[in-house]
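Engineer: predicted model, plus sequence, below.
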Amino acid sequence: TNRAGLADGSIGDGQLKWLERTLQAGSSRYYDSRGTLVRSGATDTLFVLFSHHTSETMGNTLPDPTNLLEPRHDGPTLVALLNRFPNVVAWVNGHTHHNRITAHPGATPEQGFWEVNTASHTDYPHHARVIELTDNGDGTLSLFTTLIEADSPYSTDFGDSSPAGLASLYREIAVNDIHADPSRTGVPTDLNTELVLAKPF
C-alpha cells in the first residue's frame, strides 16, 4: 500500500531492491534487466509472493510522506522484475474482491508465473482459496487453486456468536449487499483450476 493514501498502491524502491536481492539469493539462474542469463551458486527456492494489491492496482506512485525522495514503482515494473526469475511461480493478492487468475508469460517458457487474485472474506462473493503446489515429476509444476467458503447457512440468529453463527452472519450480510457484483465471482478459469508451469530446476 502507499502511505500517501488513496485506494491503489505501489512499491517503494527500497522494498523492490530487497525483493530483487531475495529472489537472487534463492535462484541459481535468473535474467538481468537486459535479458542476459545470470548463473550463481545459490540454492534454488520456489517463490510464491503475497501482497494486498494486484498488478493492475499498483499505479499510485505518489511520494511516501515518510520518505519523499524514494521512487515508487507500479505494477508493470514489479511484473517485469518477477518475470526475470524462473523460480517465481505465483503472486497471490486481493484488494479488488474479485476471483481472477492472470498468466504473466516471460521471454522464455520457464520465466512465466501466475497471478492469483481472490475475493474478500467479508464482501460478496466471500471466498477464500486453498493453494497447493505439486511437482508432477515430468518437468512441470501444477498450482491448484481451490475456492472455499464457510459451511454455514445464509441466515443466522443475531445472538449466535459461535464461529458457525458468525460465519452465517457474514454470509447473510455479504449476499444482501445492494452493491454486490456477481461478476466478482469470476469465470471458470478464475475458480478451481490447475495451473501448469515449467519446473525451473
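Structural biologist: Looks like it arrived, so ask away. Numbering: from 1, shown residues only.
Engineer: in terms of secondary structure, what does the lowest-mean-pLDDT helix or strand in the chain contact?
Structural biologist: Here the helix or strand of the chain ranked lowest by mean pLDDT, DSSP states H and E is helix 163-175, holding a mean of 86. Helices and strands touching helix 163-175, as assessed by 3 or more CB pairs under 8 Å, 6 or more residues apart in numbering; DSSP states H and E, are absent. All C-beta atoms are positioned from the backbone trio N, CA, C, and that covers glycine.
Engineer: right, and the helix or strand after it?
Structural biologist: Later in the chain than helix 163-175, the nearest helix or strand by DSSP states H and E is strand 193-198.
Engineer: now that following strand: mean pLDDT?
Structural biologist: Per-region confidence: strand 193-198 scores 97 on mean pLDDT.
Engineer: so where is this structure shaky, pLDDT-wise?
Structural biologist: Across the chain, nothing is flagged by pLDDT under 70.
Engineer: in it, which spans are helices?
Structural biologist: Assigned by DSSP state H, the chain shows helices spanning 13-25, 75-82, 163-175.
Engineer: may I have the second one exported as PDB, CA atoms only?
Structural biologist: Output of helix 75-82 as PDB, limited to C-alpha atoms (Å, rounded to 0.1, in the frame of the first residue of the first chain):
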ATOM      1  CA  GLY A  75       2.600  -3.000 -11.100                       C
ATOM      2  CA  PRO A  76       4.100  -3.500 -14.600                       C
ATOM      3  CA  THR A  77       7.500  -2.800 -13.100                       C
ATOM      4  CA  LEU A  78       7.000  -5.400 -10.500                       C
ATOM      5  CA  VAL A  79       5.700  -7.900 -13.100                       C
ATOM      6  CA  ALA A  80       8.800  -7.300 -15.200                       C
ATOM      7  CA  LEU A  81      11.100  -8.000 -12.100                       C
ATOM      8  CA  LEU A  82       9.200 -11.200 -11.300                       C
END
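Engineer: neighbouring contacts of the least confident helix or strand of the chain?
Structural biologist: 121-126, 149-158, 160, 180 (CB atoms under 8 Å, 6 or more residues apart in numbering).
Engineer: one more: stretch 62-82?
Structural biologist: With CB under 8 Å, 6+ apart, stretch 62-82 has contacts from 2-6, 10-14, 16, 19-20, 23, 49, 53-61, 88, 91, 104, 113.
Engineer: just to revisit the earlier point, can I get the helices of the chain in TSV with mean neighbour count and distance to Gly137?
Structural biologist: As requested, these are exported to TSV (neighbours: other CB atoms under 10 Å; distance: least, CB to CB, whole Å):
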stretch	mean neighbour count	distance to Gly137
helix 13-25	14	25
helix 75-82	18	25
helix 163-175	16	38
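Engineer: now do the contacts for the most centrally placed residue in the chain.
Structural biologist: Closest residue to the average C-alpha location of the chain: Val92 at 1.8 Å, with CA atoms, centre = their mean. Residues in contact with Val92 (CB under 8 Å, 6+ apart) are 48-51, 116-118, 129, 131.
Engineer: pull the distance from stretch 191-201 to the chain's centre.
Structural biologist: Relative to the chain's own centre, stretch 191-201 is displaced by 14 Å; criterion: CA atoms, centre = their mean, to the nearest Å.
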